[in-house]
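A.B. asks: Build me a model:
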Amino acid sequence: MSVAGKAPNPEKGKKYFALLDQALCNGSWAEIPELARNTDKHAPGRGGFTLAARTEAQIASASHRPTSASSAGTSSIHSLSEAIPRLQEAITLGKSAPDDAYVASACLAEVHWLQEDTGAALKVLPQQNVSTAVSGGQAAALGWLEVCVAKVAFIRAAALEANGQASEVRNVYRAAVAQTPGSRSPELRRWTERLLARACMSDYRRTQQPTLVTLTESLISFRAWTSFWQRAPPQASGNGANSTRVDIPRRQVWKAYYNLLSLILSHDLLYNVSATARSDLLLVPQRTMSTQQYMDAKIRQRAELQRVETTYESLLLNETQFPKASQTNAEVQLWIEQAVINWRTLSSADWTDDELGDGGKATLGRDMLDILYRAATKTFHSNAILRQLFTVHAALGEYDLAIHAFNSYAEIVGRRKAKSEKTGLQELGSDDDDDTAILTASEAVRVLCKYGDREQAEKALEIGEKIKEWLGWQRSDEVDELETTEDVKTGGARPANHPILSRLRPVTLASAHRAIGISQAHWARITYDTDARAGLQKNAESSLRRSRSYDENDLETAYALARVLAETQNVPAAIEVIKRAIAATNASQADDDEERENYIKQRQLVPLWHLLALCLTTRDEHDAAVKMCNAAFDQFGESTVLFGRQGMLDSNSRSRAQRGLVDSMDDFEKEGLLQVKMTELTLIELMEGAERAADFSDEVLRLYARLFGNPEQLKSASKPPQTAASMAPPPTRGGGGTLRSIAGSIRPKSARNSVERDTSRQVSSNLAALPETGPARQTATNGQAAGPPISITVTNENGVSAEKSQREHHSHHSHLPFKMRGHHGDFREAGSLRSKKSAEDFNEKSYGANDSQQVSPPVPPKDTAAIDHAQTSVAPHSSAVGPAPTPSMAAADASTNTQQPLKEIERNRPPGDWPAPLGHERKAPEQDVRLPAPHPTTSHGLALPSIGSLHVRQHRSSVLVKVWLFVAALYLRAGFFEDAGGAIEEAQRLVEAFERERSAQNANALALFQKGWGGGKSVDELWADVWSVKGDLAVSRELPFEAMERYEQALTYFPDHLEAIIGLSDMLMDIYEEKMPAEEPEPPLIPNNPGTTAPQTSKTSKTSNPPPPRLTTAKSSLASAGREPPPNARSKDPTPAQLNRLAARDRAYMLLSTLTKLGSGWASPEAWFALARVHELSGEMGRAKKALWWVVEVGESRGVRGWGESVGGGGYCL
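C.D. replies: Alright, predicted model coming up:
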């Protein structure tokens, strides 16, 4: 049926016009011709609009042709020229319909722009505002007109940019960003995206030379881009969009956005949360900002960075395919590099956990690992990803995974290195250049030597050899010129030149040789091969000197070299190296006005100042050494710079304005500061006496509390979850229990008379029957009351146990499969606190007395007064800590005792006449009435408070134990034995807590013996330190047999303990020289007649009648210098007493000969002196003289404290 003769229908015209407008907005180009025809029929007055619609459909059809058919595509675009005259005519005739003229002008400008005629496009672009363009009497095409507004802005900006009119371009972009177009239709979203993408990229290119203005303008553009995408959900790439040559990929814009935020982060700029104008979005951090403003700015910055990071990563991984073996995804690797840089910044001390959001830095590190592993799915053997996995895992304390990542990295690099040598291409890898690969290997050596144990030290030595292999160990002529005289003395033939060395940067060569030297020096300190130690130290010195020749200002190299020289008795050379390093650093700081960089250098100088002080003590220049210790702190200027505005007060909630440099230091740097203070106290002891040094011991404890926080965290963090059986308060322990009593509980008393000492010995004897929880490791996991789960105990006739209670065992906590432990802990502890005067009272104790003491240990009133005094006189920082346990807690614990006595064992003779069963000599028979302890993994107790990873707590616990034992040693030398015992008790409690925590991690005996990763010491070595100092305490109290037992206990935990071996060997040699008997004399027998007890005993000892047989044996009688040897002493076969003496001497020789071959004992003059004494007693005068000469040589070059233990826990690394 023909419709040509029908009249136009206005209603249908409006309908078809609206449908045509909707089809244009939706990009339904196939529907345009039919809708345009119907619109022309029923709305003939909209001819300009329908013409523009048909042209738009033609443009879309031309732009959608395949790119391979370039000739066809070109002809289609140029065929649009036929529409130019008609569009110009429609513009002229459409004056009555401004919206139609505006649409036609936009379409004509697009045709000129596609034909690359930017000048013509600028001429035909409409100049009127949108408000003027949409005015008119007819129905307005609101949808397509809005699209044309965005299109006009885009074409104008693109044409102006092509003509080089930068200022006009910025005005267009500013207007577009200020009033972001809508996103109601697909075509509007497409043109808005193209406009904002060009605006963002234009502003981002201006940030290549960043200023606060350019960064702010670029941030405004990208935030408009983000706001647009929040309103318009993103569509699949390419849907409804023309793939023109000016289009910017969406992923590229998000990448630029992420790079901009990374640039802002790297310049330490803050968001202005109170900005009144858009030009004030960024500002430089100022100290006048309030804490809340600073926090809000950081939180917003982190949230925006995380949002953009997630968006860009999603686009990158979705649009990137797995590469072929011959390809690489460079964009993924660049993204990873930038993400790791940002992670380093956010993980620094400039950001706190509260500013980073939920999870803090731990969650930040885990998110970084997830990013790396997701990126690995889009790469093939990427060196960059493996290298960053090594970095992030190491930073999170996952050292095993870090070394696994490095092993894979080194394997790939080595394989490509071998291939490059075969093909002649000197490349270590396709992704990483030579410098990056060698620097990564150097960092691996640093991680292994600083945080590892013996196994890791051996691995570091292997990596050092690998670095030599990568270098080719072949030196060019340029490198030979840099060699020092010491390098030439090492000898060896000169190999051929190698081109790789000439390409490496000096910094890389310095790092490589430093890593080689550190690995050799570290292994020399650990190795058992005494013949190889000197050669390793010589090679380490040579490598470190070569590293200094490439970079003379590197402080880490200077420190490592100076320490190696000091350990090899070349102290003058070590002093020269340190002085040059400090002078060079001060000179460079004089020309550098950047405060932050100066503080970084000064922090690195702290170990050098300390090492210099120790070197000066070898010359007995103690006054100068004290000045060096003070210089380590004075170099920071005012104390507020180092410790903050609150000074030495311990506070867990310091605001940013109150924080100091110590709050941004790692634990090794903090330990270095603490060691400087300990060395200063040692020097005060040498110059002013031990009592004077003991008066300042609380300064070390306050410094620890300021550096590491409340020490009680180390005890509470390791407590197991509370259960029904463990809710009772624990008994009070001696020596003070909280930070409030740190200084006062162990402060030396000014008035100490013999009455007080006798009283303390009497109290100690009363405590002798109490079971210890320290060495027995009683509460491994479940936190129940102290006491063995298997505790059927039989006592001796005196009612006191001779062996400590059995350890509480779970399936994950057993030492026996690894090595036998001493089971005499409680007996030895009791003996160390027992005086000779209380021996008779000790034998008169009964079962009931023992049980009562076990429930409620007595606390001497004067100790309680000392604690109360400490609570009032301690530093102000103690207010943040809870009160110390009181004796009432111990009484309360008695009501909930989990042990009940058993009836006596029925035998044919009295129980006292029978020998006690093994392991139950001094404890009454008891039965465990507790419920079975839940497994740690299934316990539903309260959550444990945490202060970080187990590695962090191991390091901090070890440092605090070292501090307490250092204080105890000060008190011992000052004669304050009670205070020394209190300090030892504090150290023991820390080791107990840390052991419980390690045991809760399913640690076996080997795990408790080995230190593993991280700083500090192993559990067993800490126990050995505690028992060794207990032995020293017993020696000071003239209790040699108790001292021997404690030294023996120390060696059961750590067989190579230096102090314990020396102390035990001295006593073994005293036994050989008959200065003391082989065993402790037993108390005299009490006669049946009480009336003749004391007189007859005294008379019997002076008469010629022989004493009872039990008192005449060599085991129980004291040696006398004028005693006649027994008749059988002249016989050929030695007597049992002589065999005991020889065995004591031979064991001392075995211990000392092994010790002097170890890295911990070869430089100890005390060990060599004891060995010389053994040789002398054995009649080997020649060996004795050699040992004594070595004592002189080592002693002359030894400081007041050891090089390894005092400078810091990082070994040869800063």
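
A.B. asks: which secondary structure elements does the helix or strand where residue 703 lies contact?
C.D. replies: Using DSSP states H and E, residue 703 falls within helix 697-708. Packing partners of helix 697-708 (3 or more CB pairs under 8 Å, 6 or more residues apart in numbering; DSSP states H and E): helix 667-688, helix 742-745, helix 950-974. C-beta coordinates here come from the backbone N, C-alpha and C atoms, glycine included.

A.B. asks: could you redo the last one with a cut-off of 10 Å?
C.D. replies: helix 639-643, helix 667-688, helix 742-745, helix 950-974, helix 977-1000 (3 or more CB pairs under 10 Å, 6 or more residues apart in numbering; DSSP states H and E).

A.B. asks: can you list these in JSON lines and add mean pLDDT?
C.D. replies: As requested, the helices and strands packed on helix 697-708 are arranged in JSON lines below (pLDDT from 0 to 100):
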{"stretch": "helix 639-643", "mean pLDDT": "87"}
{"stretch": "helix 667-688", "mean pLDDT": "93"}
{"stretch": "helix 742-745", "mean pLDDT": "37"}
{"stretch": "helix 950-974", "mean pLDDT": "92"}
{"stretch": "helix 977-1000", "mean pLDDT": "92"}
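
A.B. asks: nearest to residue 434, of the ones you listed?
C.D. replies: Smallest distance to residue 434 across those (CB to CB): 30.2 Å, for helix 667-688.

A.B. asks: If you count neighbours, what's buried in the closest one?
C.D. replies: Neighbour counts over helix 667-688 (16 or more other CB atoms under 10 Å) mark 667-686 as buried.

A.B. asks: quick one, it and helix 950-974 angle?
C.D. replies: 0 degrees (axes from the mean of the first three to the mean of the last three CA atoms, to 10 degrees).

A.B. asks: Please work out which residues outside the helix or strand that helix 667-688 is followed by touch it.
C.D. replies: Following helix 667-688 in sequence order, the next helix or strand is helix 690-695 (DSSP H and E). Outside helix 690-695, the residues within contact range by CB atoms under 10 Å, 6 or more residues apart in numbering are 680-689, 746-748, 750, 967, 969-976, 979-980.

A.B. asks: which residues in the stretch 1-150 of the chain form helices?
C.D. replies: 10-26, 32-42, 47-63, 70-78, 83-93, 98-114, 118-124, 130-133, 142-162 (DSSP state H, counting those that start in this stretch).

A.B. asks: Which of those helices sits closest to residue 564?
C.D. replies: If you check each of those against residue 564 by CB to CB, helix 142-162 wins as the nearest, at 61.9 Å.

A.B. asks: Show me what that closest one is packed against.
C.D. replies: Using 3+ CB pairs under 10 Å, 6+ apart, helix 142-162 sits against helix 10-26, helix 47-63, helix 98-114, helix 118-124, helix 130-133, helix 166-178, helix 186-205.

A.B. asks: swap the cut-off to 7 Å and go again
C.D. replies: helix 10-26, helix 98-114, helix 118-124, helix 166-178, helix 186-205 (3 or more CB pairs under 7 Å, 6 or more residues apart in numbering; DSSP states H and E).

A.B. asks: Report the buried residues of the first one.
C.D. replies: Along helix 10-26, these residues count as buried under the neighbour rule (16+ other CB under 10 Å): 13-14, 16-25.

A.B. asks: and those residues as a markdown table, adding distance to residue 435?
C.D. replies: Listed next are the buried residues of helix 10-26 as a markdown table, based on distance: CB to CB, whole Å:
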| residue | distance to residue 435 |
| --- | --- |
| 13 | 73 |
| 14 | 72 |
| 16 | 69 |
| 17 | 68 |
| 18 | 66 |
| 19 | 65 |
| 20 | 64 |
| 21 | 61 |
| 22 | 60 |
| 23 | 60 |
| 24 | 57 |
| 25 | 55 |
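
A.B. asks: Format those as JSON lines; extra columns: pLDDT and distance to residue 1203.
C.D. replies: Output for these, formatted as JSON lines (pLDDT from 0 to 100; distance: CB to CB, whole Å):
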{"residue": "13", "pLDDT": "85", "distance to residue 1203": "98"}
{"residue": "14", "pLDDT": "87", "distance to residue 1203": "95"}
{"residue": "16", "pLDDT": "89", "distance to residue 1203": "94"}
{"residue": "17", "pLDDT": "88", "distance to residue 1203": "92"}
{"residue": "18", "pLDDT": "89", "distance to residue 1203": "89"}
{"residue": "19", "pLDDT": "91", "distance to residue 1203": "89"}
{"residue": "20", "pLDDT": "90", "distance to residue 1203": "89"}
{"residue": "21", "pLDDT": "88", "distance to residue 1203": "85"}
{"residue": "22", "pLDDT": "90", "distance to residue 1203": "84"}
{"residue": "23", "pLDDT": "91", "distance to residue 1203": "84"}
{"residue": "24", "pLDDT": "90", "distance to residue 1203": "82"}
{"residue": "25", "pLDDT": "90", "distance to residue 1203": "79"}
